Each structure stands twice: as structure tokens, then as C-alpha cells.
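Participant: got a structure for you, letters missing:
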């Protein structure tokens, strides 16, 4: 009964948005045409966590998240915290009943795979991360045999308050990772210190497109520093990293790693 009450509360907390006919038509078109640009990133991460002067604790953690393909060579943007669970906590000070404690988290992605829509798995590596943006670039270790379906980050799209957008994603493994499309609405735009647009959907790593189908940004989440500093945990606000910021991030990623070497196609993996 308690679980049912909690579920009902979560459902009630979701905003009720009435999409326009144009937005619904765009969502149907875009999920049919571009959903293969949404992939699954599966990784094993080694974490070493130190809280104040307490002994360090180490563990391996398996993570799975969605990512957005932004180049035919397989470059994928994901939320950094989704493949590095300690990204937002490292270096922060948490208030506890015994006083403030500084948290240190050292992480290492031991292995990673880009899982395509047909189940093909491409061994991958993390190229670059930005903790403040909560964004990471993942790329195949070897060049894919065939160009991947990708979304072009070169379009000049500026999100404004009340703009309708289409967010592409995928369902979970138990639901065959079926493609999904949601219509959302920009409810705020933040200019400084980093530009963000605020939406409602809490699905990190997903592409946000305007009704013309142009890439407007990628979903992420921003931590609420006040919650952490007050000892109330870490509140996360769904945000969209705008495409102009994505371009600068990708330029930095291109300088950080060489192009992958050619390789044969990977064999499809069982879902």
C-alpha cells in the first residue's frame, strides 16, 4: 500500500502539459526518423570514496544510461554523473550532525560500451568530462564499420520560455528499450554563470529538438548546492544544455583524443 501511495504521489507531482497539434505531429515524425540517435551507454565504474578522515571505501558499480549520438563516427554525449556516480559529490563539503565533512570520490571507468538500437555493442571510452555542466563525451574505441545515425549540433537554435520541444529517449531494458518521444515545454532560461534551459522531464542524456527537428540541446541535471551544504541531500533540477555550449564542448573533446582506428563491425548482442 505504501508503494502505491508513493507512486501516486510521484505521478501527481509530474506537470500536466497539453501539447499543441504541431508538437504532437513533430514528436511522431521525429521518433520515427531520429530515434536511432539515442543509444544506451553501459559501463563498469570503479569508485573510491573518502569522507573526511574516515577510511576509504572502494567498490565497482555497473551503470546504464542514455546518450545522444552527435557525429556519424559514434561520438555520444551523456550526463557525466550517469557514468561517474561520484562526479557531483567529489570535492564537496557536507554538513552532518558531527560537523562539516569533505567528500572525495576517485572514479575510473573500467569498461564501457555503446549499445545501438539493434543491440550492437561498440567498446567505448570516456574522452572528456565537465563536472559543472554534468556532461561527458563517450566515443568508440574503434571506428564503426557503418556511420551511425546522428543529430547535427551545428544548427543555431535558441530555446526561449514557453517553447515546445520534443525529447527523444528509450524505455528500459525490460521494455525492449523501445524508442519514446515526449513533448515538453521550456519553463525557464538561465543565462549565468552557465546557460541552461529548464524543462520538466528528468531523463538525462537525451536529445531535445525543436519542432523543425533541429537539435536544440541535450538533457542533464544541475545539483542544488544549497541542499548539499545544508545536509539535506542533493536536489537535482532537470536542465537542457544548449546546443551552442555543446559545440564548444565537442571542440574540446576533439582536441583531447585522436580519431578512432578502423575496425570491423561488432556482432549484435542479445537484448
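Facilitator: All right, it came through fine. These numbers were taken from a predicted model, which means no experiment stands behind them. Residues are numbered from 1 along each chain as shown.

Participant: pLDDT averaged over stretch 104-119, what's the number?
Facilitator: For stretch 104-119, mean pLDDT rounds to 89.

Participant: Now do the buried residues in that stretch.
Facilitator: The neighbour-count criterion (16 or more other C-beta atoms under 10 Å) identifies 105, 107, 109, 112-117 as the buried residues of stretch 104-119. Where C-beta positions appear, they are placed from N, C-alpha and C, glycine not excepted.

Participant: just how off-centre is that stretch within its chain?
Facilitator: Averaging C-alpha positions (C-alpha atoms, centre = their mean, to the nearest Å) puts stretch 104-119 12 Å from its chain's average.

Participant: how much space between the residue nearest the centre of the chain and residue 102?
Facilitator: Among the residues of the chain, residue 205 comes closest to the average C-alpha position under C-alpha atoms, centre = their mean, at 2.1 Å. Note on residue 205: its distance to residue 102, by C-beta to C-beta, to the nearest Å, is 29 Å.

Participant: Give me the three-state assignment for residue 174.
Facilitator: helix (DSSP: H, G, I helix; E, B strand; the rest coil).

Participant: Report the residue spans of this protein with pLDDT below the cut-off.
Facilitator: 1-16, 87-91, 224-235, 257-271 (pLDDT under 70).

Participant: can you give me the helices for it?
Facilitator: 2-13, 21-34, 80-83, 225-229, 243-256 (DSSP state H).

Participant: What ranges does the stretch 151-271 of the chain have for its strands?
Facilitator: Using DSSP state E, counting those that start in this stretch, the strands of the stretch 151-271 of the chain run over residues 164-170, 179-185, 188-190, 196-198, 207-209, 215-223, 236-242, 261-262.

Participant: which other residues reach the fourth one?
Facilitator: Contacts with strand 196-198, where a contact means C-beta atoms under 8 Å, 6 or more residues apart in numbering, come from 159, 186-190, 208, 216-217, 222, 237-242.

Participant: One more pass at 10 Å, please.
Facilitator: Strand 196-198 has contacts (C-beta atoms under 10 Å, 6 or more residues apart in numbering) with 133, 158-161, 163, 165, 186-190, 208, 216-217, 219-220, 222, 237-242, 245.

Participant: List buried members of those residues by neighbour count.
Facilitator: 133, 159, 163, 165, 186, 189, 208, 216-217, 219-220, 222, 238-242, 245.

Participant: pretty sure residue 161 is touching residue 187, no?
Facilitator: Yes. Here residue 161 reaches residue 187: they are 6.9 Å apart, a contact under C-beta atoms under 10 Å.

Participant: residues touching the residue lying closest to residue 80 once chain neighbours are set aside, list them.
Facilitator: Distances taken as C-beta to C-beta, 6 or more residues apart in numbering put residue 136 closest to residue 80, at 4.2 Å, once the chain neighbours are dropped. Contact analysis of residue 136 by C-beta under 10 Å, 6+ apart lists 41, 65, 67, 76-84, 87, 109, 126-130, 205, 220, 249, 253.
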